[in-house]
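*Asks:* the following comprises the amino acid sequence and a computationally predicted model.
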Amino acid sequence: MVSVQILHCSDLHLDKSFNIPNLARVLQRKEDLNNNFSSIVDYAIQNRPDLFLVTGDVFDKISPTNSARVFLTQKMRNLKDAGIPVFIVGGNHDVPKVGQSPYLAIDVLDSAGLANVFSQSDIIQKQMTKIDGKRVCISGKSYFSQFECANPLKGFDIPLEGDYNILMLHGSLQGLNVVSSIPEMASQNPFMTDDIKKGIDYLALGHFHNHFERNYRDCLIVNPGSIEKLSWAEINDSKGFAWVELKASDASVEFIDLKTRPMERINLALSKATEYDPSIKEYVVKHLSKMADPEKMLKLILHGLISQEQYGQLKVNEILQACRDMFFHLDLERKELDVEGYGRIFAERVENPIVAFTKRLDTMIEATSQDEKKRNLLEQVKQLGINYLGTAR
């Protein structure tokens with residue numbers, strides 16, 4: 001019986017700007033991403049899928065560096081030479097914001113004949129192909145960045161013209177017990193299970209960085225997640241890509257794991273009642289030295305109650321400097337640490353202005369739940385603010 005074999009990956013985030021002070025290690029983190037995508041391409045060339053799907057966030061930024069563009073082009077050329085057709089949709093990191101160029105950096109792959117890029121956000125594009133005599137309809141649309149809270153499927157006709165019908169989307173599935181490891185993603189291009197039209201055989205998703213698989217209305221839904229751990233929120237996520245086989249009314253998926261940068265999060269209790277000899281700083285450094293691993297990214301969470309004198313001896317910058325070669329990257333978190341007489345003086349760090357703005361608007365929107373007109377206005381304000389702040393990324 002004829003089957004369609006698919007390799008599906010997503011959220012490559014090539015050329016990501018990692019928040020690491022050591023520039024050489026930033027470049028190594030970029031190589032982590034490149035190496036994992038190279039592994040995916042090598043797997044495809046060895047196993048020869050009928051289709052190679054990438055569901056968004058190919059690059060981490062609207063204007064990637066030339067080296068990132070060249071790297072991706074070379075990998076697409078390798079797939080082209082192997083006779084493996086590639087289909088791509090743009091994600092929220094690929095699609096320009098308000099007032100920017102309407103073109104995506106990945107559009108050049110389509111122009112060069114290396115991939116089929118569904119770069120439009122306001123229509124569903126499609127392409128028909130034949131695999132072993134069976135008609136396969138591949139359709140998709142890129143992330144709608146100008147109004148991120150909009151349902152990307154509402155009001156759109158999904159083409160169902162093949163013996164097998166595949167839809168590619170970068171968005172947030174609501175329902176089926178799907179939860180994003182990064183909560184703020186869940187409100188971006190959300191759609192409901194009822195939007196999944198009967199007749200779709202495979203819904204190829206991107207956006208959430210955690211992997212999930214679901215079945216609904218005889219449709220296999222797969223979100224492979226990102227190809228590397230990109231934040232501490234993803235520390236427990238498995239990273240990889242999906243190998244899918246569609247066969248008549250049956251479908252199967254195998255998740256292929258990728259090697260990722262080791263990450264660990266540990267807690268260290270401190271106390272004002274303890275006499276640290278010679279100082280609290282040396283105590284922390286000694287504790288860290290016992291678990292040294294130059295390949296690992298480590299988050300040390302300090303908690304407990306310390307005196308003001310101990311706080312003066314803590315010298316976080318000196319701890320980081322002393323441990324520079326013990327770990328690939330060390331992050332000290334102090335928001336659970338109390339200082340006698342002051343309380344918790346280390347407020348939770350906000351990752352970026354977009355997060356702070358979004359949290360504030362969400363609070364205001366929640367407070368106006370009974371006033372639909374005002375709520376809709378605040379939703380528009382929120383989206384415009386996110387768009388304009390995003391242009392500064």
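*Replies:* Arrived safely, thanks for sending.
*Asks:* buried stuff in the host helix or strand of residue 108?
*Replies:* Residue 108 belongs to helix 107-111 when assigned by DSSP states H and E. For helix 107-111, a neighbour-count test (16 or more other C-beta atoms under 10 Å) marks 107-110 as buried. Every residue, glycine included, has its C-beta placed from N, CA and C.
*Asks:* now the strands for the stretch 151-300 of the chain?
*Replies:* For the stretch 151-300 of the chain, applying DSSP state E, counting those that start in this stretch gives strands covering 164-170, 172-174, 190-192, 202-206, 212-216, 219-223, 240-247, 250-257, 263-271, 293-306.
*Asks:* next, the buried residues of the longest one.
*Replies:* Along strand 293-306, the positions that meet the burial threshold by neighbour count (16+ other C-beta under 10 Å) are 296-303, 305-306.
*Asks:* low-confidence ranges, the stretch 1-150 of the chain, go.
*Replies:* 1, 98-101 (pLDDT under 70).
*Asks:* redo that, cut-off 90
*Replies:* Along the stretch 1-150 of the chain, segments meeting pLDDT under 90 span 1-2, 19, 21, 96-103, 145-149.
*Asks:* now residue 114: how far from residue 21?
*Replies:* 36 Å (C-beta to C-beta, to the nearest Å).
*Asks:* for residue 295, same thing?
*Replies:* Distance from residue 295 to residue 21, by C-beta to C-beta: 18 Å.
*Asks:* repeat for residue 69
*Replies:* Where residue 21 is concerned, residue 69 sits at a distance of 26 Å (C-beta to C-beta).
*Asks:* give me the more crowded residue out of the two.
*Replies:* The neighbour count for residue 69 versus residue 21, taken as other C-beta atoms under 10 Å, is higher for residue 69 (18 against 9).
*Asks:* in this structure that one contacts residue 105, no?
*Replies:* Yes. Residue 69 is in contact with residue 105 according to C-beta atoms under 8 Å; the separation is 6.7 Å.
*Asks:* show me what residue 4 is bridged to.
*Replies:* When assigned by DSSP bridges, residue 4 has beta-bridge partners residue 246.
*Asks:* count of neighbours near it?
*Replies:* 23.
*Asks:* ramachandran angles for the residue nearest to residue 285 when sequence neighbours are not counted?
*Replies:* Nearest non-adjacent residue to residue 285, counting by C-beta to C-beta, 6 or more residues apart in numbering: residue 322, 4.9 Å away. Residue 322 adopts backbone torsions of phi -70, psi -30, taken as degrees, to the nearest 10.
*Asks:* roughly how far apart are the residue nearest to residue 82 when sequence neighbours are not counted and residue 5?
*Replies:* The shortest distance from residue 82 to any non-neighbouring residue, by C-beta to C-beta, 6+ apart, is to residue 45 (4.7 Å). Per C-beta to C-beta, residue 45 is found 14 Å from residue 5.
*Asks:* residues bridging contact with the two, i.e. touching both?
*Replies:* Common contacts of residue 45 and residue 5 (C-beta atoms under 8 Å, 6 or more residues apart in numbering): none found.
*Asks:* run through the stretch 201-350 of the chain and note the low-pLDDT ranges.
*Replies:* Checking the stretch 201-350 of the chain against pLDDT under 90 turns up 217, 248-250, 342-350.
*Asks:* hang on, isn't residue 134 packed against residue 3?
*Replies:* No. Under the criterion of C-beta under 8 Å, residue 134 is not in contact with residue 3, lying 9.0 Å apart.
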